[in-house]
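1. here are the coordinates; sequence isn't available:
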């Protein structure tokens, strides 16, 4: 069962930008912490960014700090990931997630219990 739907992925050249969106589907996650994870081919899924329900707390993986920005619009039941200065190593399937048990953001994947289906981001060199 799909709870959130990601969009905005695609093919972009190195140095370019993309904005991913994660819209709630069937239920609202506006009071939940939200996060983005990614999985590159042959690798484990890894944390990218997280945001608290109010948006006042954010966390980023060191590899994306200063380049990616996570945000949310609770009125639209949507979370976003703005990705700038993209690198080939950012190529992966990006997943959005929601944490129902706590409104605080966390980097721990096991704390997120609702997931989207993923969107492919490919960065060419």
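-> Yep, it's here. These numbers were taken from a predicted model, which means no experiment stands behind them.
2. so residue 39 makes contact with residue 45?
-> Yes: contact criterion CB atoms under 8 Å: residue 39 and residue 45 qualify, at 4.1 Å. Where C-beta positions appear, they are placed from N, C-alpha and C, glycine not excepted.
3. now do the shared contacts for these two.
-> residue 95 (CB atoms under 8 Å, 6 or more residues apart in numbering).
4. distance-wise, check residue 20 relative to residue 26.
-> 20 Å (CB to CB, to the nearest Å).
5. I meant residue 58, not that one.
-> 26 Å.
6. secondary structure element for the residue most central in space within the chain, which one?
-> By CA atoms, centre = their mean, the chain has its centre lying nearest to residue 36, at 2.3 Å. Assigned by DSSP states H and E, residue 36 belongs to strand 33-39.
7. same check, this time on residue 115
-> Residue 115 belongs to strand 114-115, assigned by DSSP H and E.
8. I'd say residue 31 and residue 103 touch.
-> Yes: counting by CB under 8 Å, residue 31 touches residue 103, with 6.1 Å between them.
9. the residue lying closest to residue 24 once chain neighbours are set aside: what's it in contact with?
-> Spatial nearest neighbour of residue 24, chain neighbours left out: residue 77 (4.0 Å); criterion: CB to CB, 6 or more residues apart in numbering. Residues near residue 77 by CB under 8 Å, 6+ apart: 23-24, 28-30.
10. local confidence estimate at residue 13?
-> If you check residue 13, the pLDDT there is 98.
11. after the strand holding residue 115 comes which helix or strand?
-> Taking DSSP H and E, what comes next after strand 114-115 is strand 119-124.
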